[in-house]
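Enquirer: sharing a model prediction with you, sequence too.
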Amino acid sequence: MKSQDGRALARENELNVMRALHRIGWLRTRDLAALVWQRWSRNPAGVPSLKPAEPTAAGLRMAQRTLRRLRDRRLVLSSRAPDGSVIYALAEAGARALQQVGLMAESGKDLLRTFSAGHYLHRRTANEIAVAAIIEGYRVATEREIAQGRWFGGKDGIAGKKPDVLLRGDGLVWWVEVERSRKNAKDYGRLLAWLGIVGRDALRLPGPELLGDGLRWGKVVFVCTAAFRAKLCRDLATAGWKKIHIDTLILFETSLYVFKDISFS
């Protein structure tokens, strides 16, 4: 009986890891350890912390064992990231296994092909935010799900824009943007225009119309550098925004994540 129970638990762990990779695309061992081997809150409390989730030692051991089995059976693929981390994604066989339990999964092999250090840092940060928010009890649309149109904004986004991560809790929407580098002038101008649209929508007395489904704007969250925060606040003020409106709609996080480029020795 114990042997059967152990096999069933191992199978459940494997499915949970593959489901996580289906939702998020690729993850490190520590991300999976935190996400799969920690209890999730039922309901979020207050403002999302945005703080990377810390795995337990037991969780890391379980994640390592589970990933080893999945890799040996060629259900997951692995690759070395620019910072030296090993990252994992679904293999074709893993996607087929999830399809058998009703998920429209596909291989993540293209996600593990060569990418820049900057792209990796951006995606890693977005993934860490998504993992932490799921554990905190938020309904989360990950960067992978958003790119595939698997969120309430669909393929077109909200007012023509898509977030890096989207959190929902207690009827509020937290729109997360990871800004690790300077935007070009055209994209930055579009961001300012979009914030103007969102600001007007958030202040509508009947309630927002962009979000639908009875949802309200929480905040637009920028995980960014201090320099980006200063520039955006300055440019919004020039565009006519008052400080109270900036503070009401926008949240800046400049200390939890490091955006220095990875150096190769």
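Expert: Looks like it arrived, so ask away. Numbers count the residues shown, from 1 in each chain.

Enquirer: quick check: bridge partners of Val76?
Expert: Beta-bridge pairing of Val76 under DSSP bridges involves Leu90.

Enquirer: start the count at 56, not 1, going forward
Expert: Noted, 56 is the first residue going forward, which turns the last one into Val131.

Enquirer: show the contacting residues for it.
Expert: 72-73, 76, 122, 125, 143-146, 149 (Cβ atoms under 8 Å, 6 or more residues apart in numbering). Every C-beta, even on glycine, is put in place using the N, C-alpha and C of the backbone.

Enquirer: what about Gly101, which SS state?
Expert: At Gly101 the chain is in coil, as set by DSSP: H, G, I helix; E, B strand; the rest coil.

Enquirer: thinking again about what came up before, give me the subset of the contacts of Val131 lying in strands.
Expert: 143-145 (DSSP state E).

Enquirer: now the residues you listed: which count as buried?
Expert: Buried members of the ones in strands among the contacts of Val131, counted by 16 or more other Cβ atoms under 10 Å: 143-145.

Enquirer: nearest to Ala187 among those residues?
Expert: Closest to Ala187 out of these is Tyr143 (18.6 Å), distances taken as Cβ to Cβ.

Enquirer: which residue ranges of the stretch 156-305 of the chain form strands?
Expert: Remark: strands assigned in the stretch 156-305 of the chain by DSSP state E, counting those that start in this stretch are 194-196, 220-224, 227-234, 271-279, 305-308.

Enquirer: okay, the ones you listed, which one's buried deepest?
Expert: Mean neighbour count (mean count of other Cβ atoms under 10 Å) peaks for strand 220-224 among these, with a mean of 24.

Enquirer: run the chain-centre distance for that one.
Expert: Strand 220-224 sits 9 Å away from the centroid of its parent chain (Cα atoms, centre = their mean, to the nearest Å).

Enquirer: for it, packing partners?
Expert: Packing partners of strand 220-224 (3 or more Cβ pairs under 8 Å, 6 or more residues apart in numbering; DSSP states H and E): helix 172-190, strand 194-196, helix 198-202, strand 227-234.

Enquirer: partner strands of the last one, parallel or antiparallel?
Expert: In other words, strand 227-234. Strand 227-234 has these strand partners (DSSP bridges): strand 220-224 (antiparallel), strand 271-279 (parallel).

Enquirer: now swap in the second one and tell me
Expert: In the sheet, strand 194-196 lines up against strand 220-224 (antiparallel) (DSSP bridges).

Enquirer: what is the nearest of the contacts of Val131 to Gly173?
Expert: The closest of the contacts of Val131, once distances to Gly173 are taken by Cβ to Cβ, is Ala144, at 19.4 Å.
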